[in-house]
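Asks: Have a look; sequence and predicted model below, questions after that.
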Amino acid sequence: MQSVPLGHVSPAPLNARGARAPVELASTAIIFEGGRKIRSERVSLLAPGATDLVVDIDFSGVSTGTERLMWASEMPAFPGLGYPLVPGYESVGRVVAAGADVEARIGETVFVPGSRAFKDVRGLFGGASSRVVVAAGRAAPIDPALGDRGALLALAATAYHAINGHKPPDLIVGHGVFGRLLARLAIALGGAAPVVWEIDPDRAFADGYAVIDPDCDGRRDYQAIYDASGDAGILDELVARLAPKGEITLAGFYRDRPSFNFAPAFMREARLRIAAEWSRDDLADVIGLVASGALSLEGLVTHVREFGAASEAYDTAFGDPLCLKMIIDWRELHGRIL
């Protein structure tokens, strides 16, 4: 397969799908094989259509939720799940080529929530790749100055989706990067500073809101509890902390089956809500909040590893409690692969 330097892709004649693109497309990607096995290899990409973009990825984030479950082969049944797969849904890069209808976007810095445009492997969610092909509507322009922090926009949009239009949290469970984004957004959207539970003393610090061990919290009158812990066995404890007619929002993703005792929930007329995937509007709103300064993404990226250390990066992301957010830096590959 012929390769050309990244960033020097010149328009070619229109292909059968109406796109101007290199004749051949390939990338270097991280591959999950299942059973905690990981490798990297060259993969072929599908040719872009008239409304698709070709994006060179600078940074991709490692998710300690769904991505960890896929790495360990512990992910519950999910559409499109199968191995081998390219993980990742938190990528930032630069548009280097585009279909005929969207050529004006060449040169933009964009956030990309992954890609499925791989020939021989599954893309779930396909963002951990040095180059991706993605529909133009799925690539959101962002400020290049965000750098690796741009990879946090997916989690920020997820947190925004959980809160927007609902009662803001007065208690958040878990002070990882997602819990921190929930707390920051609750305040940015005009809510009172929430209480945050965290059992790891190394994570029990914050500016602007209290982070406490749940054993030190005697309250049982919370109106809106947001669980960001991913612990399927915590519901009974949360129900016991609710005010009458209070609400619990399951904002994370759970490997095991959540369950709770009915009688205590019945006595409180507890409400249970599930917050799922963010929408395009959620992402646009979060980008606006970041641009205005209302939402800060500072201090959340704690670890960055170059692509060549990807295996160690995943071990650290999934095994080191001090790692809030791991970022893979792909920039060293630019100029050397197609």
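Replies: In hand now; what should we look at? Numbers count the residues shown, from 1 in each chain.

Asks: Tell me which residues touch residue 150, please.
Replies: By CB atoms under 8 Å, 6 or more residues apart in numbering, the contact list for residue 150 reads 59, 92, 109, 111, 142-143. Any C-beta I mention is one placed from the backbone N, CA and C, and that applies to glycine too.

Asks: nope, residue 228 is what I was after
Replies: Residue 228 sits next to 172-174, 176, 178-179, 182, 251-252 when contact means CB under 8 Å, 6+ apart.

Asks: Quick check, residue 279 in contact with residue 161.
Replies: Yes. With contacts counted by CB atoms under 8 Å, residue 279 reaches residue 161, the gap being 6.7 Å.

Asks: Those two: which is more packed in?
Replies: Higher neighbour count among residue 279 and residue 161: residue 161, with 22 against 13, using other CB atoms under 10 Å.

Asks: list the helices and strands the helix or strand hosting that one packs on?
Replies: Using DSSP states H and E, residue 161 falls within helix 153-163. Packing partners of helix 153-163 (3 or more CB pairs under 8 Å, 6 or more residues apart in numbering; DSSP states H and E): helix 177-188, helix 280-292.

Asks: now, of the ones you listed, which is deepest in the fold?
Replies: Sort these by mean neighbour count, taking mean count of other CB atoms under 10 Å, and helix 177-188 sits at the top with a mean of 25.

Asks: what's next to that helix, contact-wise?
Replies: Applying CB under 8 Å, 6+ apart, the contact partners of helix 177-188 are 65, 152, 155-156, 158-160, 162-163, 168-169, 172-173, 175, 192-194, 196, 198, 206, 208-209, 226, 228-229, 251-252, 289, 294-296, 300, 324-325.

Asks: Distance from the chain centre to that helix, please.
Replies: 14 Å (CA atoms, centre = their mean, to the nearest Å).

Asks: With only the CA atoms kept, save that helix in PDB.
Replies: C-alpha atoms of helix 177-188 as PDB (Å, rounded to 0.1, in the frame of the first residue of the first chain):
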ATOM      1  CA  VAL A 177     -12.900  13.000  35.900                       C
ATOM      2  CA  PHE A 178     -16.600  12.400  35.200                       C
ATOM      3  CA  GLY A 179     -17.700  13.300  38.700                       C
ATOM      4  CA  ARG A 180     -15.600  16.400  38.500                       C
ATOM      5  CA  LEU A 181     -17.200  17.500  35.300                       C
ATOM      6  CA  LEU A 182     -20.600  16.900  36.800                       C
ATOM      7  CA  ALA A 183     -19.700  19.100  39.700                       C
ATOM      8  CA  ARG A 184     -18.200  21.900  37.500                       C
ATOM      9  CA  LEU A 185     -21.200  21.800  35.200                       C
ATOM     10  CA  ALA A 186     -23.700  21.900  38.000                       C
ATOM     11  CA  ILE A 187     -22.100  25.200  39.200                       C
ATOM     12  CA  ALA A 188     -21.600  26.500  35.600                       C
END
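
Asks: Tell me the first helix or strand C-terminal of that helix.
Replies: Sequence-wise, the next helix or strand downstream of helix 177-188 (DSSP H and E) is strand 195-197.

Asks: Outside of that following strand itself, list whatever touches it.
Replies: Contacts for strand 195-197 (CB under 8 Å, 6+ apart): 170-175, 179, 183, 206, 209-214, 217, 219, 222.

Asks: likewise stretch 310-318?
Replies: Stretch 310-318 has contacts (CB under 8 Å, 6+ apart) with 30, 38, 40, 62, 64, 68, 71, 128, 303, 305, 323, 326, 328.

Asks: mind checking pLDDT for the fifth one?
Replies: It stands for residue 64. In this model, residue 64 is scored at 92, pLDDT.

Asks: Appreciated, that's everything.
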